[in-house]
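Enquirer: prediction below, plus the sequence it came from.
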Amino acid sequence: MKVNKKKVIKGCKIGGSVIFYAIIVVLLLFSIANINRDNKNNDYPKLFGRGFLIVVSDSMSCNESIGMTEQKDNFNKGDMILVKKPNQKAIDNLKVGDIITFEDANLKAQGYDSWLNTHRIVYIYESSDSRVFITQGDYNAAVYGDYIKPIFDSNGTITNQSEFMQNEHIKNSAGAYNFETKTEEEVLGIYTGKVSGFGNTLQVVNNNFFWFIVMPVLIFFLVEVFLVIRNFVGLSNEKNKIALDTQKDQMKADLEAQKEAIRLEIMAQLQKETEAQTATPVNDKINEEEPTEVLETTVEEKEENIE
């Protein structure tokens with residue numbers, strides 16, 4: 001089967017253009033998402049209520065060597081997690097086991113660039129008008145101990161007070177409490193998924209924002225401007241060529257018409273000359289015959305006179 005090279009080249013150009021524009025769209029969306037951040041420390045890039053975060057610790061990872069059981073929503077350092085900005089309905093529907101994003105005072109105190117943390121809800125304190133969420137990282141719970149949940153009697157008194165108070169003494173390697181207490185107003189995001197390993201790539205892009213985002217977008221617009229100008233010039237040249245070709249065709253038509261007029265004029269002149277040449281011998285013949293007739297008449301008259 002013979003391959004049509006022109007079609008192959010055209011298909012490659014179309015495919016390349018689609019990939020190029022898709023990359024540009026992704027870069028633009030990424031740029032817009034970063035621009036929409038209110039604050040780089042306690043906010044995350046988001047677009048249309050959806051955002052993403054880079055995981056910088058293993059507090060929510062699963063380490064089976066210490067007896068942990070992997071869950072589908074565990075994530076590791078270097079992953080990118082997807083979160084959505086919560087509304088009141090979403091917050092009202094939060095339950096134990098859900099994962100939320102919040103501002104962590106410990107990260108802020110330790111001088112991290114981002115003060116956001118994302119951990120699992122392990123307990124919820126209910127009241128008549130609000131709820132308080134207790135969160136803990138899965139790995140932290142396995143290493144430093146689970147959050148000890150209070151047990152209440154019918155009068156609302158904690159019956160396991162001594163065990164419950166141990167929460168105040170359990171701290172992680174950084175010297176911070178092994179759990180976080182967050183109100184509904186402090187919930188900044190709700191975990192919806194992850195992209196394994198993509199956080200490292202995203203971190204490189206963030207650290208080189210100008211070269212990976214600004215420069216490609218700038219090049220894209222410059223290329224577009226060049227293509228527009230080239231197409232405009234090409235269109236003008238095409239119009240000029242069409243006008244020139246039309247003018248040439250008109251000139252040729254005029255020239256042919258003039259040649260035809262000259263040809264007809266020459267033919268008419270030749271016809272006149274031919275007619276003139278045809279009429280001249282007849283007159284000469286008549287002139288030559290007239291003296292003979294006169295002579296004959298004179299002879300006859302003389303003969304009559306003689307008689």
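Expert: Alright, I've got the coordinates. Keep in mind that this is a model prediction, so the values were computed, not measured.
Enquirer: next structured bit after whichever strand or helix holds Gly15?
Expert: Following DSSP states H and E, the helix or strand that holds Gly15 is helix 5-35. Using DSSP H and E, the helix or strand that follows helix 5-35 towards the C-terminus is strand 46-47.
Enquirer: now the angle from whichever helix or strand comes after that next one to helix 5-35?
Expert: Moving toward the C-terminus from strand 46-47, the next helix or strand (DSSP H and E) is strand 50-54. Interaxial angle of strand 50-54 relative to helix 5-35 (axes from the mean of the first three to the mean of the last three CA atoms, to 10 degrees): 80 degrees.
Enquirer: quick one: end-to-end distance for stretch 49-67.
Expert: 37 Å (CA to CA, to the nearest Å).
Enquirer: residue ranges for the helices of the stretch 151-300 of the chain, please.
Expert: Taking DSSP state H, counting those that start in this stretch to define them, one finds helices in the stretch 151-300 of the chain at 161-165, 198-207, 209, 215-306.
Enquirer: between those, which one is nearest to Lys182?
Expert: Closest approach to Lys182 among the helices of the stretch 151-300 of the chain (CB to CB): helix 161-165, 18.5 Å. The way it works is simple: take the backbone N, C-alpha and C, and place the C-beta from them, glycine included.
Enquirer: what distance separates the start and the end of stretch 97-107?
Expert: 23 Å.
Enquirer: any buried residues in that stretch, and which?
Expert: Residues of stretch 97-107 classed as buried: Asp98, Ile99, Ile100, Thr101, Phe102, Glu103, Asp104, Leu107 (neighbour count, 16 or more other CB atoms under 10 Å).
Enquirer: for the second one, what are its contacts?
Expert: I take that to be Ile99. For Ile99, the contact set (CB atoms under 8 Å, 6 or more residues apart in numbering) comprises Met60, Asp73, Thr118, His119, Arg120, Ile121, Ile190, Tyr191.
Enquirer: where's it relative to Ala253, distance?
Expert: According to CB to CB, to the nearest Å, Ile99 and Ala253 sit 82 Å apart.
Enquirer: please identify which of the buried residues of stretch 97-107 is nearest to Tyr177.
Expert: Asp104 (10.7 Å).
Enquirer: what's the closest non-adjacent residue to that closest one?
Expert: Asn117 (3.8 Å; CB to CB, 6 or more residues apart in numbering).
Enquirer: so the one you found sits right up against Phe102, yeah?
Expert: Yes - using CB atoms under 8 Å, Asn117 is in contact with Phe102, at 6.2 Å.
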